[in-house]
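Q: sequence? don't have it. structure:
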């Protein structure tokens, strides 16, 4: 007896056990993702864009609001204006970098906001069901019925105009759809055996949501997120176009494109270049989302 | 793809019919772009040119605007002046309101009393302070009956003035001197000017108003000269974005639109674009920045105002951004105003930009602003494409002297409302002459103009010089007094002039009767389309 007792820490795992440790869901996902060439290329592109948006403004020869009064409306490759200048003589490259930064920031922040609120709201409503579900989802319906622009104007009138408010406004509206999707998924998930098992073991509702429901939701959520980011970037451009978003001279991709569209016969580069950048950014997000969905959803194997 | 082709085929066959609202066969329909939605249709409430365009189509004063903008007989068929120029007698023609009730001299008296009623708070009342006792009545010191206006009989109207005003006939075509239908106003109160109750005496009648969409008007068969009116139906569309409106004009969806984005004029004039549509000519209009002196902020300091005025590179805006379509302004009253020589611009106007910037920086430093304590404020401007190009340029000029101005764009009505409420720090403003006289500009900064003195500028010397000018019978001396007043005001810079506007209109060449004029008034009653003839 005495010699057979071992301290727990000192026990060596038998070789057999090591071999039996299966690959986790996430290992699998990562492996599948890396195998998707489009997704990987998109990650590189997006990584490059993010770095460019962060570092670029410090390296560019001009700031986004500097007027080069001797080079107004010059096409690309004139002087040291690599991409030309706009109707005020502002360097397009500098403005693109600034605009990209703003658009990415809004896209990501507003999406994260919608993600956090949407998932917790939808999962709670779906899991607990009953009257709580009724109340929570009717609340969502009410917010849904608020016209978006009207809501934004109300916010602006009450709190004044600022940049942060736009994150709030967009995030506030985007989480509604997210909550509905998550609720639907949760309702189907909670009938499954592994949830019953978890409940039988005596896990609390919160723990079941956090440990079992949310991870299983990721597939549809990730897909929705990849749709949300471009949507948010576009919504921002709508707001900026109406004068409620980014204020001149700061800019965003949407603003650059809408300004470029008014001058497209005269200065096509002001429309084409920002449009290309916008398309590349949105497509990168879409490919990554596609890849993630294929990777995470086990049914796609 | 199939759908796309089908659509393309459709568009090719009837490009214009699909875009314009249906027009009954044999009728002439006008689709007119207007800079925005009016705040009201009532001549006593409105202030802007975009509102004047509509109200002056459906109502008419003693005189009216001829195709070339000159005042010609309207509701009055003739008039005479007393020898001292203080009493004007107008003889009204036999005209009726659109509900058939005759237009009488009493309707004019009623309108003026209502305009000057202090409880009505009509913003534009001060433009008629030339009428005897108007200022006292408007400020509540005298009863409305003390006003210098009298209905001698149903068809004879007499005005008594504070001082001779050779421009009274110009004023008589302005909306503030319009009659209003007393019988309708007494029935409905302020709601009389809503489309459902509206009764006018102009060539057209308001039918409906869809806010933000369009205002619909049709020919008024009871108009005294209805047989000479060619157009049967009008739709006025608010076109906030002049570039979008330009595309609608190009597509034939709109017949005319005021305002072309100034940086596009040169492009549109190219032979393969729409040169026949472009109308550009001089105009009595000034764009300027108003500094809010009611706000206990930095703008009470004259040095700050002068520094900001100095630092603006106006020539870059007028010559480069607008391709020479506008003119840099260092004085307020636009060139071309009758019988007036503007004062010399401030001495710094001739300095090169670098010297002006250095001087501006020095002034700001004296006022206590510098790199450690930069001057920060908000610049309010309209959300028009032209302003979106000009304002960042001004902002960059100010940044060059260490001033941090953030831009705030507003719809044009909101912007003017902010100006009236003094809910701004620095704001773009524009003034377009109501009548061809320098006083129409200079009275704006007079203490007595109240709500329209956007800067809240109060200088007794300035007020006194303008009072002198008002009382001066000799037109040369009067002009000299006004010139001195303007010089005093410019030295204080309660406003800083930016540029003299040009008048730009985009008009389909099929429209006839459109005459470019210095006040940019093109009443729809004079317009027609090619191939339709009407006896004027």
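A: Received, thanks. The shown structure was predicted, so the numbers you read here are calculated from the model rather than taken from an experiment. Numbers count the residues shown, from 1 in each chain, chains lettered A, B, ... in the order given.

Q: who's in contact with the longest helix anywhere in chain B?
A: Ranked by residue count under DSSP state H, the longest helix found in chain B is helix B:475-492. Contacts of helix B:475-492 from elsewhere in the structure, counted by C-beta atoms under 8 Å, 6 or more residues apart in numbering or on different chains, are B:166, B:302, B:305, B:330-333, B:339-346, B:438-439, B:442, B:445, B:457, B:459, B:461-462, B:465-466, B:468-469, B:472, B:495. C-beta coordinates here come from the backbone N, C-alpha and C atoms, glycine included.

Q: just checking, what packs against the helix ranked longest in chain A?
A: Looking across chain A with DSSP H, the single longest helix is helix A:92-128. In terms of contacts (3 or more C-beta pairs under 8 Å, 6 or more residues apart in numbering or on different chains; DSSP states H and E), helix A:92-128 is packed against helix A:37-59, helix A:130-145, helix A:163-189, helix A:205-208, helix A:214-241, helix A:253-262, helix A:269-296.

Q: Check those for me: which has the lowest mean pLDDT.
A: With a mean of 80, helix A:214-241 has the lowest mean pLDDT of those.

Q: quick one, it and helix A:253-262 angle?
A: Helix A:214-241 and helix A:253-262 meet at an angle of 40 degrees, taking axes from the mean of the first three to the mean of the last three C-alpha atoms, to 10 degrees as the criterion.

Q: Which single residue in the stretch 51-200 of chain A comes nearest to chain B?
A: Of all residues in the stretch 51-200 of chain A, residue A:67 sits closest to chain B, at 4.6 Å by C-beta to the nearest C-beta.

Q: So that residue is in contact with residue A:88, correct?
A: Yes. Between residue A:67 and residue A:88 there is a contact under C-beta atoms under 8 Å: 5.5 Å.

Q: Common neighbours of the two, please.
A: Contact with both residue A:67 and residue A:88 is made by residues B:392-393, B:396, according to C-beta under 8 Å, 6+ apart.

Q: Kindly indicate which of those residues lies nearest residue B:279.
A: Of all those, residue B:393 has the smallest distance to residue B:279: 25.7 Å, by C-beta to C-beta.

Q: Just the element for the closest one, please.
A: Secondary structure here is read from DSSP states H and E; on that basis residue B:393 sits in helix B:385-399.

Q: tell me what that helix is packed against?
A: Checked by 3+ C-beta pairs under 8 Å, 6+ apart, helix B:385-399 has helix B:242-250, helix B:302-311, strand B:376-382, strand B:404-410 packed alongside it.

Q: and with 7 Å instead?
A: Secondary structure elements in contact with helix B:385-399, counted by 3 or more C-beta pairs under 7 Å, 6 or more residues apart in numbering or on different chains; DSSP states H and E, are helix B:302-311, strand B:376-382, strand B:404-410.

Q: what's the spacing between it and its chain's center?
A: With C-alpha atoms, centre = their mean, to the nearest Å as the basis, helix B:385-399 stands 23 Å off its chain's centre.

Q: and if you look at stretch A:233-251?
A: When distances are taken as C-alpha atoms, centre = their mean, stretch A:233-251 is centred 18 Å away from the chain's centroid.

Q: which outside residues touch it?
A: By C-beta atoms under 7 Å, 6 or more residues apart in numbering or on different chains, the surrounding residues in contact with stretch A:233-251 are A:64-65, A:95, A:98-99, A:102-103, A:106-107, A:152, A:156, A:166, A:170, A:252-255, A:257-258, B:383, B:388, B:391-392, B:395, B:406-409.

Q: Tell me the buried residues within those residues.
A: Buried residues within the contacts of stretch A:233-251, counting neighbours by 16 or more other C-beta atoms under 10 Å in any protein chain shown: A:64-65, A:95, A:98-99, A:102-103, A:106-107, A:152, A:156, A:166, A:170, A:252-255, A:257-258, B:383, B:388, B:391-392, B:395, B:406-409.

Q: And for residue B:412, the neighbour number?
A: Residues near residue B:412, counting by other C-beta atoms under 10 Å in any protein chain shown, number 19.

Q: residues in contact with residue B:182?
A: B:106-107, B:110.

Q: Next one: it from residue B:106, what distance?
A: Noted for residue B:182: a distance of 6 Å to residue B:106, by C-beta to C-beta, to the nearest Å.

Q: Residue B:118 against residue B:138, yeah?
A: Yes. Here residue B:118 lies in contact with residue B:138, judged by C-beta atoms under 7 Å, at a distance of 6.1 Å.

Q: the more surrounded of those two?
A: For residue B:118 versus residue B:138, the count of surrounding residues by other C-beta under 10 Å is larger for residue B:138: 25 against 13.

Q: Please list the residues of the stretch 351-500 of chain B that sit near chain A.
A: Applying C-beta under 7 Å from any C-beta of the partner chain, we find that the stretch 351-500 of chain B lies next to chain A at B:383, B:385, B:388-389, B:391-393, B:395-396, B:406-409.

Q: and the two most separated of the residues you listed?
A: Between all members of these, the longest pairwise span (C-beta to C-beta) is found for B:385 and B:406 and amounts to 19.9 Å.

Q: if we can go back for a sec, only the buried residues of the helix holding residue B:393, if you could.
A: For helix B:385-399, the neighbour count (16+ other C-beta under 10 Å) marks B:385-399 as buried.

Q: Over to stretch B:414-422?
A: Counting neighbours by 16+ other C-beta under 10 Å, stretch B:414-422 gives B:415-416, B:418-419, B:422 as buried.

Q: between the residues you listed, which is nearest residue B:199?
A: Using C-beta to C-beta, residue B:416 is the member of the buried residues of stretch B:414-422 that lies nearest residue B:199, at 27.1 Å.

Q: Need the residues that contact the helix or strand containing that closest one.
A: When elements are assigned from DSSP H and E, residue B:416 belongs to helix B:412-421. Surrounding helix B:412-421, the residues in contact under the criterion C-beta under 7 Å, 6+ apart are B:35-36, B:39, B:47-48, B:123, B:290, B:380, B:382, B:410, B:424, B:427, B:429, B:451, B:454.
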